[in-house]
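[1] pasting the sequence and the predicted coordinates here, then a few questions.
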Amino acid sequence: MKVSNDERRNSYEKYRKWLFRMDPERAHGLGLTAGRIGQRVAPAGIRNAFAFDDPMLEQWVWRTRITSPIGFAAGFDKNAMVIELAELIGCGYTEVGSVTARRSRGNPRPRAFRLPADEAVINRMGLNNHGARRIAARIKRRGDGIPLGVNIAKTHDPRIMGDDAVADFVASFKRLAPLADYITLNVSCPNTREGKTFEEPESFEKLISAISSERAALKKDVPVLVKLSPPVTDRVVFDSDTEAIVELSRHFGIDGFVACNTASDRSGLTTPEDELQAIGAGGLSGPPVEERTNQLIRYLYERTEGSMVIIGVGGIRDGESAYRKIRAGASLLQVYTALIYEGPGVIQRIKQELVDRLKADGFNRIVDAVGADVTSGEPRFGNAAVSRPARLS
């Protein structure tokens, strides 16, 4: 018997009350453990409970068929433990990581914090993961399934800088790129002691040049994306460093962008200041960063004339917020914080509501809605023309 969205949401609310009594990281670990068990012992039941497919949501990206635009954001499944679960609950693809060349324990605990008043999360995990070798072995053991992206980052160690940092990144790429349907370069993680080591154009150029050379040597043509930081506000056009990174990405044949990472500031929150001060540093995710991510997506779509794939992430919690990112220029979407507050049923609900909105606006396919808010008005960032992405159909 099918379970309605309302019934599923009410059921999760009871479960959430119990989870929210726990430390967020422990609750996340329990959720992953349950998912690992479920995908092994009851895959058919999970698939049936969350089933919703519609051809309007299908698209071809990098010659790969993706049945749904929704996937897990990096950080949810750092160690590639629940790839099968992502497919079972309705994701059309998923992204694991961030993965680093060396195993890392990350920052000291506590390092994850809920902001219930804002339905947001702050984390300073510090790129904790099992390391590229172990995660690659785990990915190799998986069978056929949804397309898999692997998010890679520099090992969390402030002693690894300069050319060594580039070599560290390249080591992860060499090991993981042959196993992935795409690779995301996380050059913008705010949660390490050394900060965002590759968002300065000169260092980014060194990295992207090395990655491009390594990609050319592969037998497999693996799409590469760059994950960017959110803008400081939702009203400011982007600085010269962001513009330079976009142009360097285009020059070196990068295939797209993930927009965007967590925010290091605390703009737009209703959570009391004393609570925020008690939490301290970390990256903010959830609805408070939604419009800033949409602003970045619009900028990227227009700046690249719609020719590069954009994955939108940040503040997606329902069909309406997902649809705003699609119309801003995102072809694919990712969720994480919404899974904490809404439960796994949010994937199915977003898909159903997306179909309703596409029909209401007269679109036959989701790809037809990509960038609709940019193409329907005057260019906002200086380009005179915007064309349909060449690699989407």
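    Right, received. Where do you want to start?

[2] what's the model's confidence in stretch 56-74, averaged?
    The pLDDT scores in stretch 56-74 average 97.

[3] please apply the same query to stretch 326-343.
    97.

[4] CA atoms of it as CSV?
    Taking Å, rounded to 0.1, in the frame of the first residue of the first chain, the C-alpha atoms of stretch 326-343 are listed here in CSV:
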residue,chain,number,x,y,z
ILE,A,326,15.8,25.2,-12.3
ARG,A,327,14.4,28.5,-13.7
ALA,A,328,17.6,30.3,-12.5
GLY,A,329,19.7,27.9,-14.7
ALA,A,330,20.4,24.7,-12.7
SER,A,331,20.0,21.5,-14.6
LEU,A,332,20.5,19.2,-11.6
LEU,A,333,19.8,19.8,-7.9
GLN,A,334,21.1,18.5,-4.6
VAL,A,335,19.7,18.2,-1.1
TYR,A,336,21.1,17.6,2.4
THR,A,337,19.7,19.9,5.1
ALA,A,338,16.1,19.2,4.0
LEU,A,339,16.7,15.5,4.6
ILE,A,340,17.4,16.4,8.3
TYR,A,341,14.3,18.4,8.8
GLU,A,342,11.9,16.6,6.3
GLY,A,343,13.2,13.1,6.1
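
[5] mind listing what the residue nearest to E84 when sequence neighbours are not counted touches?
    For E84, ignoring the flanking residues on the chain, the nearest one in space by C-beta to C-beta, 6 or more residues apart in numbering is Q39 at 4.1 Å. For the C-beta atoms, the positions are set from N, CA and C on the backbone; glycine is no exception. By C-beta atoms under 8 Å, 6 or more residues apart in numbering, Q39 lies in contact with I46, V82, E84, L85, L88.

[6] which two in the residues you listed are spaced the farthest apart?
    Comparing every pair within those by C-beta to C-beta identifies I46 and V82 as the most remote, at 11.0 Å.

[7] more crowded one of those two?
    Remark: of I46 and V82, V82 carries more neighbours, 23 against 20, as counted by other C-beta atoms under 10 Å.

[8] residues in contact with the nearest residue to that one once chain neighbours are set aside?
    Distances taken as C-beta to C-beta, 6+ apart place G35 nearest to V82, at 4.3 Å, with adjacent residues excluded. Going by C-beta under 8 Å, 6+ apart, G35 touches M81, V82, L85.

[9] please report how far the second one lies from A263.
    Same thing as V82. 26 Å (C-beta to C-beta, to the nearest Å).

[10] from P24, how far off is the residue lying closest to I66 once chain neighbours are set aside?
    In space, and not counting its chain neighbours, I66 is closest to G92: 4.5 Å by C-beta to C-beta, 6+ apart. In this view, G92 and P24 are 27 Å apart by C-beta to C-beta.

[11] so the residue nearest to I66 touches V61, yeah?
    No: assessed by C-beta atoms under 8 Å, G92 is found out of contact with V61, at 9.6 Å.
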